[in-house]
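> no FASTA, just this:
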């Protein structure tokens, strides 16, 4: 009786710890993306061509995605060898310190070339920290949850992405609203990065009071840990790795089109105010908080691969009407907001909600941390990190029209839908 009562309590504690930690990590990571196209391009990459400055700023943004697989491999290895909990405390500390220091980096005018170099180095550490964070956070919830509700519970740490984005865009929007442009560019944006220190202390305290997952504890007692998890993953589950990376494609592309690229596009191409653009993204992130668990629970009832495949197609195609509304209604802010909130806050959640459980079920316990971290983070290089650069280049190539970029989003959706379909077929044969 006591075990039945303690399990829900321990599950709630684990989910809370995973959600809060993930929120802090995503806040730190996306804060960089939010300001990359509106601050860093002006203060850290001086150029006579604004497009070049923006591309350079997005280039350092992409570096964080390139180093995420390294973090995934490092923390995935030790997470599969010595436990999930210890790794989650370390990743939170790495991310928090790097974000705090970004808020202290002098500008190009103050220290010259060392300014972008400093940003680059700290962005690398941000990527390493988040690379180990995501896999551990969703694993804690997934491995504690009842099997029939794993889609729901594994989706709850995913809400950390939307809350973190909401906080990042919301705080920058508030600072942008309260301060003049000169004040915001001089010191206001730094406040958002320095706040990370407070959030990290809270997150570490909560995570230190969480127990290891029952599934990992079981294989640890039986001494069945993988000696080299990465090598076992590659040798035994290569098709699962490729299918997972393909499924991840639309997630990374769509998120970065709407959460990162759209801010610069709206402010520079359509002349929407910075505050209004940020409010649109923030509102979409808030709406997403409710739809992520909705689609996670739906995957428990209808099947994860089915929900994910249909979600990939619908999400990708929604980019066309969304940007059509933006282009044709630049002065109608409510329409602009709806063109962000509906595709990003609702449709995108149909992919991101079931994703954690879908990836967790690709691998057994002893290589699961390594497997899901590698799938998610390595695919993030092409699915997420270079998306703002590709979108900016396609926009220039098409004379400022977003339709070529939307076709790229549609292509990503097709790849992900096919990959999810294969995963569903493979799991039916087991």
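Great, that's in hand. Computed from a prediction, not measured in an experiment: that's the story for all the values here. Residues are numbered from 1 along each chain as shown.
> point out where this structure drops to low pLDDT.
1-7, 37, 46-56, 60-61, 429-430 (pLDDT under 70).
> state the distance from the closest residue to residue 132 other than its chain neighbours to residue 238.
Distance criterion Cβ to Cβ, 6 or more residues apart in numbering; nearest residue to residue 132, sequence neighbours excluded, is residue 75 at 2.6 Å. The way it works is simple: take the backbone N, C-alpha and C, and place the C-beta from them, glycine included. Residue 75 sits 22 Å away from residue 238, taking Cβ to Cβ, to the nearest Å as the criterion.
> next one: residue 223
Residue 223 is 26 Å from residue 238, by Cβ to Cβ.
> now swap in residue 404 and tell me
Where residue 238 is concerned, residue 404 sits at a distance of 33 Å (Cβ to Cβ).
> ok, residue 328 to residue 343 distance?
For residue 328, the distance to residue 343 - Cβ to Cβ - is 16 Å.
> likewise residue 240?
29 Å.
> between the two, which one's more packed in?
Comparing residue 240 with residue 343 by other Cβ atoms under 10 Å, the one with more neighbours is residue 343, at 26 against 20.
> so what secondary structure elements neighbour the host helix or strand of the residue nearest to residue 132?
In the assignment (DSSP states H and E), residue 75 maps to helix 50-81. The criterion is 3 or more Cβ pairs under 8 Å, 6 or more residues apart in numbering; DSSP states H and E, and the helices and strands that helix 50-81 contacts are helix 2-35, helix 41-43, helix 84-102, helix 114-144, helix 229-236, helix 262-268, helix 365-380, helix 387-397.
> those: which one's closest to residue 411?
Among the helices and strands packed on helix 50-81, the nearest to residue 411 by Cβ to Cβ is helix 387-397 (11.1 Å).
> ok, residue 331 - how many residues close by?
Considering only other Cβ under 10 Å, residue 331 is surrounded by 9 other residues.
> just to revisit the earlier point, residue 223 and residue 238 - which one has more neighbours?
residue 238 (10 against 6).
> how far away is the more buried one from residue 427?
Residue 238 is 16 Å from residue 427, by Cβ to Cβ.
> ok, and the closest non-adjacent residue to residue 178?
In space, residue 178 is closest to residue 188, 7.9 Å off (Cβ to Cβ, 6+ apart).
> quick one, what contacts the one you found?
175-176, 178-179 (Cβ atoms under 8 Å, 6 or more residues apart in numbering).
> out of those, which sit inside helices?
Those of the contacts of residue 188 mapping onto helices are 175-176, 178, per DSSP state H.
> distance to residue 291 and neighbour count added to those, as TSV?
Shown next, in TSV, are the ones in helices among the contacts of residue 188 (distance: Cβ to Cβ, whole Å; neighbours: other Cβ atoms under 10 Å):
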residue	distance to residue 291	neighbour count
175	28	19
176	27	24
178	30	11
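> now those as a markdown table including distance to residue 13?
As requested, the ones in helices among the contacts of residue 188 are exported to a markdown table (distance: Cβ to Cβ, whole Å):
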| residue | distance to residue 13 |
| --- | --- |
| 175 | 34 |
| 176 | 37 |
| 178 | 37 |
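> what ranges do the helices span in the stretch 151-300 of the chain?
159-178, 181-183, 189-194, 196-207, 214-221, 229-236, 238-256, 262-268, 274-302 (DSSP state H, counting those that start in this stretch).
> of all the ones you listed, which lies closest to residue 309?
Once the helices of the stretch 151-300 of the chain are compared by Cβ to Cβ, helix 238-256 is nearest, at 8.6 Å.
> for that closest one, packing partners?
helix 304-317, helix 349-360, helix 365-380, helix 387-397, helix 403-429.
> contacts only, for the residue nearest to the spatial centre of the chain.
By Cα atoms, centre = their mean, the chain has its centre lying nearest to residue 161, at 5.7 Å. Shown in contact with residue 161 (Cβ under 8 Å, 6+ apart): 22, 26, 288, 352.
> recalculate using a threshold of 7 Å.
26, 352 (Cβ atoms under 7 Å, 6 or more residues apart in numbering).
> hmm, back to that, what is the nearest of the ones in helices among the contacts of residue 188 to residue 307?
residue 176 (36.8 Å).
> give me the buried positions along stretch 27-43.
Residues of stretch 27-43 classed as buried: 27-43 (neighbour count, 16 or more other Cβ atoms under 10 Å).
> any residues touching it, and which ones?
53-54, 57-58, 61, 64, 95-96, 99, 102, 107-108, 119, 123, 126, 130, 164-165, 167-169, 172, 185, 189, 192-193, 196, 199, 259-260, 263-264, 267, 274.
> try 6 Å
When contacts are defined by Cβ atoms under 6 Å, 6 or more residues apart in numbering, stretch 27-43 is touched by residues 53-54, 57-58, 61, 95, 99, 107, 126, 130, 164-165, 167-169, 172, 189, 192, 196, 260, 263-264, 274.
> how far away is the residue lying closest to residue 287 once chain neighbours are set aside from residue 314?
Once flanking residues are discounted, residue 287 sits nearest to residue 345: 3.3 Å by Cβ to Cβ, 6+ apart. To residue 314, residue 345 is 14 Å away according to Cβ to Cβ.
> and the two? Which one has more around it.
Remark: of residue 345 and residue 314, residue 345 carries more neighbours, 24 against 17, as counted by other Cβ under 10 Å.
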